[in-house]
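> what's the 3D shape of this:
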Amino acid sequence: MIAFTQKLALDRRSLLRVLLGVYLFPLSLVCFSLSVPPADLPLYGLLFVLAVVGVFLARRESRAWRFIWTGALIAAVVFGVLEVVAGRRLARQRSEHALMPNKPDAENPAMTLRFAMEDQWRRVSDLGRWTMYR
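So this is what the prediction gives:
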C-alpha cells in the first residue's frame, strides 16, 4: 500500500523520453501518410511545438538529448518548409491544368480511320442505294 500512496515524480529525463515517444507518433504518421501537400502541415506544426518544448527541457541535460531535440527541431522546420513549397507547386500545376482545354488540338488518326471505315460499310449495306441502281 505504501507504493500506491507515493507521489509520482517525473524528472526531466523521463519527461524527455515521454515527449520523444509523443514526437515519434506524428512523425511516423507524416512519413507513412499518402496525403497530398499541404495536408500534413498541421502535423508539422505539432512537431515543431513538441521539438521546441523538447529543446527547452533538454537545455541542461546531456549533450545527446540536446542533439536529439535540436535535430528534431531542424527536421520539423525543414519538412514544414518543404510541405509549403510542394503545396504551392501542386496548386500552380492544378491551376495550369484547369486552364488547358479538354479537347486535343489534332484529331487522332486512328480514330478518323475507324470512322471512315464505318462510313464505307454503312454505304455498302444501305439497301436504298442498291434499289436506285436497278
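
> how about Ala76, what does it touch?
By Cβ atoms under 8 Å, 6 or more residues apart in numbering, Ala76 lies in contact with 44, 47-48, 50-51. Quick note: C-beta positions are derived from backbone N, CA and C, even for glycine.

> any chance of these in a markdown table with secondary structure, distance to Leu99 and pLDDT as columns?
Listed next are the contacts of Ala76 as a markdown table, based on DSSP: H, G, I helix; E, B strand; the rest coil; distance: Cβ to Cβ, whole Å; pLDDT from 0 to 100:
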| residue | secondary structure | distance to Leu99 | pLDDT |
| --- | --- | --- | --- |
| Tyr44 | helix | 30 | 94 |
| Leu47 | helix | 36 | 96 |
| Phe48 | helix | 35 | 96 |
| Leu50 | helix | 41 | 96 |
| Ala51 | helix | 40 | 97 |
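
> and which of those residues is nearest Arg60?
Ala51 (17.0 Å; Cβ to Cβ).

> hang on, the earlier thing: and which of the contacts of Ala76 is nearest Ser28?
For these, the nearest to Ser28 is Leu47 (11.0 Å; Cβ to Cβ).

> give me every residue that touches that closest one.
23, 26-27, 30, 72, 75-76, 79-80.

> now Gln93
No residues are in contact with Gln93 under the rule Cβ under 8 Å, 6+ apart.
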